[in-house]
Every structure is written in C-alpha cells, then in structure tokens.
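Visitor: Fold the stuff below for me.
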Amino acid sequence: MTHLKQLCEETYTKLKRVSMDLERFLNQVTLMGLVNQSGDPEEYEAYYRNYLSDLRHLLVYCENAYERLGVALRRARFNEEYAEEVLYQVYHSCINNFYYPKGEVYDEDGRYSYTDHDAIIFRKEVTPELKQLTISLCKVFEQMRDDLHYYETDYITKKRMQKV
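Guide: Okay, here's the model as predicted:
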C-alpha cells in the first residue's frame with residue numbers, strides 16, 4: 001500500500017506539471033500564430049488544428065486524472081482499489097493519448113528511447129516552442145509509462161480473476 005500511495009503521489013505531481021505546461025502553452029498560442037510561423041498556410045493549418053485539438057484533449061485527460069488522484073490521496077483511509085483504478089485510467093487515457101494522438105501529428109520511434117535522441121518524430125516541421133513542449137512532455141510521459149506499465153494489462157487480469 002505504501003508503494004501504491006507513493007506511485008499515486010508521484011503520478012499526481014507529474015500530471016499536475018503536464019497540465020500546467022499544456023495550459024500555459026495553449027493560453028499563449030493561436031492557430032493562426034502557429035501557421036504564420038511555419039509558412040505555407042494550406043500545408044500547416046489542418047496539421048496545427050489537429051495538433052492543438054490533441055493537446056486540448058490531453059489537457060482535459062490529465063486534469064481529470066490528477067484531480068481523481070488528489071481525491072484518492074486526500075481520503076482519510078487510502079482506498080487501494082480506487083487508486084489502482086485511477087492509475088489504470090491514467091495509463092489508458094493520458095499516456096496512450098500522448099503517444100497515439102488522434103490527429104497523428106507525430107509518432108514515437110521506440111528505437112530512440114534508449115539513446116540520447118528524441119523519441120518523437122514529427123510529421124511536419126513544427127515551431128520551436130511546440131517542439132520543446134512535446135519533447136518535454138515526452139520525457140514525463142515516458143517516466144509515467146515505465147512506472148505504470150503494470151496497469152497496461154496486469155491490472156485488468158487481476159480484476160478479471162477477482163470476479164471468477
């Protein structure tokens with residue numbers, strides 16, 4: 001239980017940081033501002049529209065998850081079952097939506113995750129600010145993915161076994 005609570009605290013802190021970074025970025029940029037920095041409006045408008053949409057969705061997922069983790073951590077008695085369910089949702093909503101954006105604006109190249117190279121491959125050249133944000137988020141999500149790997153499959157298997 002101590003490990004689970006510590007994992008919740010660490011995940012809460014990371015998701016809060018991700019949410020703050022995403023919100024700050026989204027409050028400062030506009031679609032037309034990104035397009036104007038990148039050149040050809042016809043080539044970049046749909047791309048950046050999808051990118052910003054994916055970031056807004058990711059922000060909502062992360063905010064919801066860190067709020068639920070906050071509830072789990074503030075309860076007088078730490079509820080392990082609830083905490084595990086929230087961590088499962090973090091893995092499947094936040095982490096998966098970061099690595100597999102709906103707009104397919106970038107991909108992860110797993111071969112780079114064990115080197116000093118960035119694991120994110122952008123479909124188009126992006127503004128330096130957007131690239132920096134995405135790469136910094138990747139580092140946080142990579143840590144969370146490693147920490148929460150159990151919740152990818154083992155958690156569901158455990159839940160199914162309890163029903164039998």
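Visitor: which residues of this structure fall in strands?
Guide: In chain order, the chain shows strands spanning 106-108, 120-122, with DSSP state E as the criterion.
Visitor: Okay, buried residues for the first one please.
Guide: Of all the residues in strand 106-108, those buried under the rule 16 or more other Cβ atoms under 10 Å are 106, 108. (Each C-beta comes from the backbone N, C-alpha and C, glycine too.)
Visitor: next one: stretch 12-30
Guide: Counting neighbours by 16+ other Cβ under 10 Å, stretch 12-30 gives 12, 14, 15, 16, 18, 19, 21, 22, 25, 29 as buried.
Visitor: any idea of the pLDDT on residue 38?
Guide: pLDDT for residue 38: 87.
Visitor: actually residue 150, sorry about that
Guide: 81.
Visitor: just residue 11 next, same as before
Guide: According to the predicted model, the pLDDT of residue 11 comes to 97.
Visitor: so what's it up against?
Guide: Each residue near residue 11 by Cβ atoms under 8 Å, 6 or more residues apart in numbering is listed here: 65, 66, 69, 87, 90, 144, 147, 148.
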